[in-house]
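**Q** sequence and computational prediction follow.
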Amino acid sequence: MKGEADQRLLNKEWRLNHLYQITNKKQKKIRFKLNRAQQNFQENRHSRNIILKSRQLGFTTLEVIDALDDSLFTKNFNGLILSHEQKISVDIFRNKMYYAWKNFPDELKSLYTLNAERANQLIFDFGDGTSSSIATGASGRSGTYNRIHVTELGKMAKKYPDKAREILEGTIPSVP
């Protein structure tokens with residue numbers, strides 16, 4: 001039925017498993033699909049979660065894709081992905097976040113006006129006076145966010161204890 005919205009777009013799990021492209025460990029473009037650990041996390045998540053020592057299970061990739069999805073399908077949403085070093089934030093932005101947006105289906109991508117003036121942030125204008133954003137960085141100070149994912153907090157605490165303390169005391173409490 002031409003002109004009607006695809007009802008599958010109302011289902012977040014369907015969107016996560018069908019709309020986003022990532023690169024695998026062999027640098028091959030593949031469709032993002034929740035793995036078993038990610039699926040379990042999605043089914044059992046709360047408003048504040050700590051994932052202990054879960055390297056190479058794709059949780060940062062999941063958080064990027066999930067926050068990007070929230071940015072695209074929730075007006076006035078602001079997400080932030082924090083890492084312990086700026087170069088890691090740049091890598092996450094370029095190779096996960098922007099890559100997923102660049103490979104987002106064109107017919108859906110055309111629904112948004114993208115503002116990518118900042119090197120680490122995507123702002124999606126919905127055309128009705130509202131927008132949403134997702135960004136990466138090494139600090140969340142002075143921002144207002146609906147969601148934050150901190151990758152490698154343990155490594156950050158060891159290498160940059162003041163930065164870790166700032167995130168725990170200043171950034172995380174600012175999220176509802």
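**A** Sure, I can see it. Quick caveat, the model's predicted, so the values are computed rather than measured.

**Q** now do the strands in this structure.
**A** Applying DSSP state E to the chain gives strands spanning 21-23, 29-31, 78-82, 113-115, 121-125, 131-137, 147-150.

**Q** how about the helices of the chain, start to end?
**A** Taking DSSP state H, the helices of the chain run over residues 12-18, 36-44, 59-73, 86-92, 99-102, 106-109, 153-159, 161-166.

**Q** can you check the pLDDT for the residue nearest the centre of the chain?
**A** For the chain, the residue nearest the mean C-alpha position is V64 (2.5 Å; C-alpha atoms, centre = their mean). pLDDT for V64: 97.

**Q** which residue sits closest to it, ignoring its sequence neighbours?
**A** K96 (4.4 Å; C-beta to C-beta, 6 or more residues apart in numbering). Bear in mind the C-beta positions are built from the backbone N, C-alpha and C, glycine included.

**Q** shouldn't that neighbour be in contact with E63?
**A** No - under the criterion of C-beta atoms under 8 Å, K96 makes no contact with E63, lying 9.3 Å away.

**Q** distance between the ends of stretch 65-83?
**A** Start-to-end span of stretch 65-83 (C-alpha to C-alpha, to the nearest Å) is 16 Å.

**Q** buried stuff in that stretch?
**A** 65-74, 77-83 (16 or more other C-beta atoms under 10 Å).

**Q** please apply the same query to stretch 13-31.
**A** So for stretch 13-31, counting by 16+ other C-beta under 10 Å, buried means R15, L16, L19, Y20, Q21, I22.

**Q** would you enumerate the residues in contact with the first one?
**A** Yep, that's R15 we're talking about. R8, L9, D69, F73 (C-beta atoms under 8 Å, 6 or more residues apart in numbering).

**Q** at 6 Å what do you get?
**A** Applying C-beta atoms under 6 Å, 6 or more residues apart in numbering, we find R15 in contact with D69.

**Q** next one: it from I22, what distance?
**A** For R15, the distance to I22 equals 14 Å [C-beta to C-beta, to the nearest Å].

**Q** contact partners for the nearest residue to G79 once chain neighbours are set aside?
**A** In space, and not counting its chain neighbours, G79 is closest to A67: 3.5 Å by C-beta to C-beta, 6+ apart. By C-beta under 6 Å, 6+ apart, the contact set of A67 is G79, I134, R147.

**Q** ditto for S132
**A** With C-beta under 6 Å, 6+ apart, S132 has these contacts: S71, F77, F124.

**Q** from L68, how far out is it?
**A** Per C-beta to C-beta, S132 is found 10 Å from L68.
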